[in-house]
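> just to be clear, the model below is a prediction. Sequence and coordinates:
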Amino acid sequence: GNSVTQMEGPVTLSEEAFLTINCTYTATGYPSLFWYVQYPGEGLQLLLKATKADDKGSNKGFEATYRKETTSFHLEKGSVQVSDSAVYFCALSDLTNAGKSTFGDGTTLTVKP
Amino acid sequence: NAGVTQTPKFRVLKTGQSMTLLCAQDMNHEYMYWYRQDPGMGLRLIHYSVGEGTTAKGEVPDGYNVSRLKKQNFLLGLESAAPSQTSVYFCASTPGTLRNIQYFGAGTRLSVL
């Protein structure tokens, strides 16, 4: 079956530091890949997505590239801000699986001023 | 611009009591899902629905029942609450198209004493 493994947290960075959160996946088909973000007390919301190999998703300074050869979708940001403090979830979705998504366990990011 | 709305936001139950969580979406989405989120365990799928009048079991369905009588509503029921069901519950919906982006509600925090 499908699975998503992401970097364990928590991750603590200083403001303006570089961020990488690793995500690797296992899937039988050709999934779409997503990063969701969850701010305290809220539900998950889409941060970025990629639907095929070599696609790069980007939003709010965050980027991730769909790497089929390494089955990875690592999240990066060049300069984090305090407002980026949240929990980040990597996920995949397979059209053949009733539209269900498989989520990683989440990585908590704290950015200190 | 409501999106996915969950009610109630908070609830405290005693062991053995019953309750229903309501999820409503105004985006005409076909697919809807109920998840629970527990510390260190990510999101786990409880039940899901691929259309009005249909439901299916997810990863952790025991102790829960669901109904989808109307396309826009997806109800999650706990017939006899147990302390192990203390969790944050999230509802999500997706149009079921290629993108398969999931849209989440803000969550229901449930404590069972």
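Alright, I've got the coordinates.
> tell me the spacing between residue B:66 and chain A.
14 Å (CB to the nearest CB, to the nearest Å). Yep, even glycine has a C-beta here, placed from its N, CA and C like the rest.
> what's across from that residue in the sheet?
Taking DSSP bridges as the rule, residue B:66 bridges to residue B:76.
> again, but for residue A:6
Applying DSSP bridges, one finds that residue A:6 bridges with residue A:23.
> right, and it touches residue A:106 too?
Yes: using CB atoms under 8 Å, residue A:6 is in contact with residue A:106, at 7.3 Å.
> what touches both of the two?
A:88, A:89 (CB atoms under 8 Å, 6 or more residues apart in numbering or on different chains).
> show me what contacts residue 26?
Since no chain was named, I'll use chain A. Contacts of residue A:26 (CB under 8 Å, 6+ apart): A:2, A:3, A:4, A:71.
> ah, no, chain B please
B:2, B:3, B:5, B:72 are the contacts of residue B:26 under CB under 8 Å, 6+ apart.
> tell me the spacing between it and residue B:9.
Shown here: residue B:26 relative to residue B:9, a distance of 18 Å by CB to CB, to the nearest Å.
> low-confidence stretches in chain B?
B:1, B:97-99 (pLDDT under 70).
> hang on, the earlier thing: farthest-apart pair in the contacts of residue B:26, please.
B:3 and B:72 (11.6 Å; CB to CB).
> what touches both of those two?
Common neighbours of residue B:3 and residue B:72 (CB under 8 Å, 6+ apart) are B:25, B:26.
> and the strands in the chain?
The chain I'm using is chain A. Residue ranges of the strands in chain A, as given by DSSP state E, are A:3-6, A:11-14, A:19-21, A:23-26, A:32-38, A:44-50, A:56-59, A:62-65, A:75-77, A:86-93, A:101-103, A:107-112.
> I was after chain B.
Going by DSSP E, chain B shows strands at B:4-7, B:10-13, B:19-25, B:31-37, B:43-49, B:56-57, B:65-67, B:73-78, B:87-94, B:103-104, B:108-112.
> okay, the angle between the fourth one and strand A:32-38?
On the basis of axes from the mean of the first three to the mean of the last three CA atoms, to 10 degrees, strand B:31-37 is oriented at 50 degrees to strand A:32-38.
> same deal with the third one?
Going by the same axes, to 10 degrees, strand B:19-25 is angled at 120 degrees with respect to strand A:32-38.
> partners of strand B:19-25, with directions?
strand B:4-7 (antiparallel), strand B:73-78 (antiparallel).
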